[in-house]
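# when you get a sec, could you give me coordinates for this:
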Amino acid sequence: MRSIILVLFIPMMLFGQYRDIPDVVTKVATSAGGFLKLETSARAIGMGGSFVASGRGVSGIPYNPSSIAYIEKNEAYFSQVNYLAGIQHGVLTYGTRIGPSDFIGLHLFYLNSGLMEVTTELFPDGTGEDFSVMSMAARATYARSLTDRLKVGLTVNYIRDQIAETLMQAVSYDVGSNFQTGIYGTVLGMSITNFGPEVQYTGEDLSVQVADTIDVDGSLQRITDKFPLPLTFRLGVENMIMGPEGSFLKNENQTLTISMDGIKPNDYVVYGSMGLEYGWKNLAFLRMGTHLNHDTAGLSLGVGGNIRLGRMMLTVDYAYVDYDILKYTNQVAIGLKF
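Below is the predicted model of the structure:
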């Protein structure tokens, strides 16, 4: 019991070094690598992003590394999103069980802004040149089932963000746990993501042409400020209200699961997410969720289905999110368990 308590509360103690500042200061746009905060799982998005306790398998890696400890044998997952302002991002990931209690996973996230026109003070309508933003996060995850109720996980992230010819690279870490409390079927999940050093952008686009002198060879390099990564603490609960092992209603064919997350990033105020998932015979699913105290994201909806292919299981998920004045996004994901 002592080891269980330590595993569950060490993340909270680690996050304590990032103390709250007054509510009037939100710290918006004070971290680098903002793409790391994007939702990556269609199932999670359909449930409002509440996935730290509900994540199952490789799609849950960015939310909670311990989610891969639910893999039965092997699992692969792919998703694609037409995001806001023509931005596209996607995920390609794989996980496997390597022992009775040990699991590993690889998760690749990529983002492409598409071509954008270069503008300057002298040419505010464009110079005729184009540039793009290419971002990537490659994650290697290990998880272990310490008991039949407690799972823990660790992820090492390689992060790369390139804006035209300006580049940022870094290594960060995620830790997480998933605990089946045994109290009315409640599952508790916690994670800290993007724990790492401050980062800095460098590259040719920061060069400034100047006159040749004895001390300067015709160019100077601007030095950018260092910024922290978007460190995020998540605490969530999940409960299967109805199902074969439902905490309140027993039903062999239908399930109803509720999940709630509290989220504290280092560059925004505390916000939350809540979601529902209805399932029928583990073949078809309907999802609904919402973001609480978020500046843009609101209602989310999702559907999903499982298709048996011999010994394999094909999963197809779709999610929709309303971003208010920024309109909406659609995400499609395909998973395979084999």
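# let me see the contact set for the residue nearest to the spatial centre of the chain.
The centre of the chain sits closest to Pro62, judged by C-alpha atoms, centre = their mean, with a distance of 4.0 Å. Applying C-beta atoms under 8 Å, 6 or more residues apart in numbering to Pro62 gives the contacts 40-41, 107, 109, 137, 139, 174, 193. Just so you know, the C-beta spots here come from the backbone N, C-alpha and C atoms, and that holds for glycine as well.
# do the same with Glu245
Each residue near Glu245 by C-beta under 8 Å, 6+ apart is listed here: Gly185.
# where's it relative to Arg149, distance?
Look at Glu245 and Arg149: by C-beta to C-beta, to the nearest Å, they are 14 Å apart.
# what's the closest non-adjacent residue to Ser160?
That one is not Ser; residue 160 is Arg. Distances taken as C-beta to C-beta, 6 or more residues apart in numbering place Met136 nearest to Arg160, at 4.7 Å, with adjacent residues excluded.
# repeat that for Gln80.
Gly90 (4.4 Å).
# contacts only, for the one you found.
Each residue near Gly90 by C-beta under 8 Å, 6+ apart is listed here: 78-81, 109-110.
# redo these as CSV? Include distance to Ile258, pLDDT and secondary structure.
Formatted as CSV, these follow (distance: C-beta to C-beta, whole Å; pLDDT from 0 to 100; DSSP: H, G, I helix; E, B strand; the rest coil):
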residue, distance to Ile258, pLDDT, secondary structure
Phe78, 28, 95, strand
Ser79, 24, 93, strand
Gln80, 28, 88, strand
Val81, 25, 85, strand
Phe109, 27, 96, strand
Tyr110, 32, 94, strand
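# look up how far Phe51 lies from the residue nearest to Gln80.
Noted for Gly90: a distance of 18 Å to Phe51, by C-beta to C-beta.
# try Thr224
From Thr224 across to Phe51, the span is 33 Å (C-beta to C-beta).
# neighbour count: the two, which is higher?
Phe51 (31 against 15; other C-beta atoms under 10 Å).
# if you drop the residues flanking it in sequence, what lies closest to Thr296?
The spatial neighbour of Thr296 that comes closest, neighbours along the chain excluded (C-beta to C-beta, 6+ apart), is Tyr323 at 4.8 Å.
# where in the chain is pLDDT low?
1-27, 29, 205-221 (pLDDT under 70).
# now do the end-to-end distance for stretch 141-153.
7 Å (C-alpha to C-alpha, to the nearest Å).
# which residues sit against it?
Residues outside stretch 141-153 that contact it (C-beta under 8 Å, 6+ apart) are 3-4, 7, 61, 64-70, 95, 101-107, 154-156, 174-182.
# buried members of these into ChimeraX, please.
The ChimeraX selection below is limited to those of these classed as buried (16 or more other C-beta atoms under 10 Å):
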select :7,61,64,65,66,67,68,69,70,95,103,104,105,107,155,174,175,176,177,178,179,180
